[in-house]
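Engineer: build the 3D model from these lines:
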Amino acid sequence: MARLLFLLLLLTTIRFDVRGADKDELGVIRRTVRGFDYIDERYIEPQHYNFTAMAQAGYTYDYYTLRSDNGQILNFAPDRTFKAGPYFGWKWFFAGWMFSLGHSDFSKNKTDIDLSIYSSQIGIDFFYRRTGNDYKIRNARLGKNIDTAPIDHLPFDGINVGITGGNIYYVFNHGRFSYPAAFAQSTIQKISCGSWLAGIGYSINSLDFDYEKMQEVIDERIDHTHNVKLDSGLMFRSAHYQDFNVSVGYAYNWVFAKNFLIGGCGQMAVSYKNSSGETISADDIYSFNNVSPNFIGRFALVYNNMRWYAGMSAIVRSNFYINSRFTSNNTFGSINLYAGFNFGLKKRYRTKKD
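Structural biologist: Prediction:
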């Protein structure tokens with residue numbers, strides 16, 4: 001973030017002080033600014049166009065696990081959602097909107113918005129997710145020798161998850177490794193190369209859980225002879241926490257043929273969570289501060305000849321939350337197919353053959 005702010009400051013200096021600077025001073029400033037986005041063109045072909053338009057379609061997935069200290073486990077997941085929609089880009093900015101296809105009585109409150117900004121050196125992701133109430137109980141473990149098959153795949157609208165936040169990360173080998181080549185379809189990686197990444201992030205998370213409704217489902221469906229009760233650790237109404245994280249990872253682009261690449265990236269994060277929640281009674285409020293891991297993984301297969309591009313991408317995020325009452329893990333992401341084209345040739349390439 002400090003480098004990005006410094007870059008903006010330099011740009012502001014050029015804009016307002018150009019009349020008072022001599023040619024030597026201006027040359028130093030311009031070289032410094034360009035250095036922040038320097039790439040080695042032996043390894044990376046820079047973007048020739050200012051704009052891009054793309055159509056994308058794919059599946060989103062979401063898996064949520066609650067585990068008590070006594071070993072009870074509840075796994076929730078909605079049906080896979082097929083989405084499609086347009087995306088548009090201008091230089092570093094790339095954003096779009098995907099619409100759910102098909103009809104579901106439970107999906108009216110579901111929202112999933114992503115905004116990404118990529119340069120050769122810095123990447124920024126913003127995300128806003130509200131899951132709605134279309135989860136199903138995929139499977140459960142409620143105790144030894146207890147058959148939970150009667151509640152498997154049963155719709156359950158008593159859980160709702162939300163997350164709002166963002167990440168910023170720095171690409172160390174940005175001169176020779178292009179993160180946008182794999183995940184923004186802008187530049188082209190000419191020679192296989194990798195890079196270490198490091199970043200920071202912040203998010204606000206919420207979990208609403210109707211444990212009483214869950215107990216009703218258990219009472220109705222599970223064999224009464226067992227008299228199964230939820231562990232006290234799972235008897236809560238809500239959990240809300242702020243997540244501050246520091247991450248490190250590695251990414252690699254393998255150029256296996258001209259204009260083709262396979263890209264992969266994995267980042268592990270250490271997160272500090274400041275949390276609060278509501279248990280059985282609205283007056284019973286608990287709070288915790290703890291450290292837990294997060295994980296982000298990306299994969300891409302890309303064809304890009306600079307004017308036209310197509311490929312597939314996948315992303316998986318796994319966030320852990322641990323306190324003395326229960327442990328949760330939310331794993332979510334998407335698998336997408338896309339195709340698009342670039343337009344608005346940049347001035348420096350207009351005299352060359354497109």
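
Engineer: spatially central residue for the protein, please.
Structural biologist: Geometric centre of the chain, nearest residue: R317, 6.0 Å, by C-alpha atoms, centre = their mean.

Engineer: alpha carbons of the helix or strand hosting it, as PDB, please.
Structural biologist: Here R317 is covered by strand 308-322, with elements defined by DSSP states H and E. C-alpha atoms of strand 308-322 as PDB (Å, rounded to 0.1, in the frame of the first residue of the first chain):
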ATOM      1  CA  TRP A 308      -8.300 -12.500 -28.500                       C
ATOM      2  CA  TYR A 309      -8.100 -14.600 -25.400                       C
ATOM      3  CA  ALA A 310      -9.900 -17.500 -23.800                       C
ATOM      4  CA  GLY A 311      -9.400 -20.000 -21.000                       C
ATOM      5  CA  MET A 312     -10.500 -21.200 -17.600                       C
ATOM      6  CA  SER A 313      -9.800 -20.200 -14.100                       C
ATOM      7  CA  ALA A 314     -10.400 -21.500 -10.600                       C
ATOM      8  CA  ILE A 315     -10.100 -19.900  -7.200                       C
ATOM      9  CA  VAL A 316     -10.600 -21.400  -3.700                       C
ATOM     10  CA  ARG A 317     -10.500 -19.500  -0.400                       C
ATOM     11  CA  SER A 318     -10.500 -21.300   2.900                       C
ATOM     12  CA  ASN A 319     -11.100 -19.300   6.100                       C
ATOM     13  CA  PHE A 320     -10.800 -20.800   9.600                       C
ATOM     14  CA  TYR A 321     -12.400 -19.500  12.800                       C
ATOM     15  CA  ILE A 322     -11.400 -21.000  16.100                       C
END
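
Engineer: who does it pair up with?
Structural biologist: Here strand 308-322 is paired, per DSSP bridges, with strand 285-304 (antiparallel), strand 326-345 (antiparallel).

Engineer: quick one: the helices in the chain?
Structural biologist: 2-17, 23-35, 179-183, 211-221 (DSSP state H).

Engineer: just checking, what packs against the third one?
Structural biologist: Helices and strands in packing contact with helix 179-183 are listed as strand 111-118, strand 188-189, strand 238-257, strand 260-278, strand 285-304; criterion 3 or more C-beta pairs under 8 Å, 6 or more residues apart in numbering; DSSP states H and E. Heads up, the C-betas are built off the backbone N, CA and C, glycines and all.

Engineer: okay if I get the ones you listed as CSV plus distance to I200?
Structural biologist: Below are the helices and strands packed on helix 179-183 laid out as CSV (distance: least, C-beta to C-beta, whole Å):
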stretch, distance to I200
strand 111-118, 15
strand 188-189, 26
strand 238-257, 6
strand 260-278, 9
strand 285-304, 12
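
Engineer: out of these, deepest packed?
Structural biologist: The highest mean neighbour count among the helices and strands packed on helix 179-183, using mean count of other C-beta atoms under 10 Å, belongs to strand 188-189: a mean of 24.

Engineer: note down every partner strand of that one and its orientation.
Structural biologist: Partners of strand 188-189 in its sheet, by DSSP bridges: strand 44-45 (antiparallel).

Engineer: ok, and what's touching the partner strand?
Structural biologist: With contact meaning C-beta atoms under 8 Å, 6 or more residues apart in numbering, strand 44-45 is reached by S120, R176, F177, S178, A181, T187, I188, Q189, K190, M306.

Engineer: now a ChimeraX select for only the buried ones of those.
Structural biologist: To isolate the buried ones among the contacts of strand 44-45 in ChimeraX, judged by 16 or more other C-beta atoms under 10 Å, type:
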select :120,176,177,178,181,187,188,189,190,306
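
Engineer: out of the contacts of strand 44-45, which comes closest to T164?
Structural biologist: Nearest to T164 out of these is S120 (C-beta to C-beta; 27.7 Å).

Engineer: number of residues surrounding N70?
Structural biologist: 12 (other C-beta atoms under 10 Å).

Engineer: OK, contacts around it?
Structural biologist: By C-beta under 8 Å, 6+ apart, the residues touching N70 are D231, G233.

Engineer: make it 10 Å
Structural biologist: The contact partners of N70, taken as C-beta atoms under 10 Å, 6 or more residues apart in numbering, are G143, L230, D231, S232, G233, L234, F326.

Engineer: among these, which ones are buried?
Structural biologist: L230, D231, G233, L234, F326.

Engineer: quick one: the first one and Q72 touch, right?
Structural biologist: Yes - the pair L230 and Q72 qualifies as a contact (C-beta atoms under 10 Å) at a distance of 6.8 Å.

Engineer: any stretches of the stretch 101-250 of the chain with poor pLDDT?
Structural biologist: Residues of the stretch 101-250 of the chain that meet the criterion pLDDT under 70 lie in 102-110, 132.

Engineer: just the strands from it, written as ranges.
Structural biologist: 111-118, 122-130, 135-141, 154-155, 159-171, 188-189, 193-209, 238-257 (DSSP state E, counting those that start in this stretch).

Engineer: so which of those strands gets nearest E41?
Structural biologist: Taking C-beta to C-beta, strand 188-189 is the member of those nearest to E41, at 10.4 Å.

Engineer: many thanks, have a good one.
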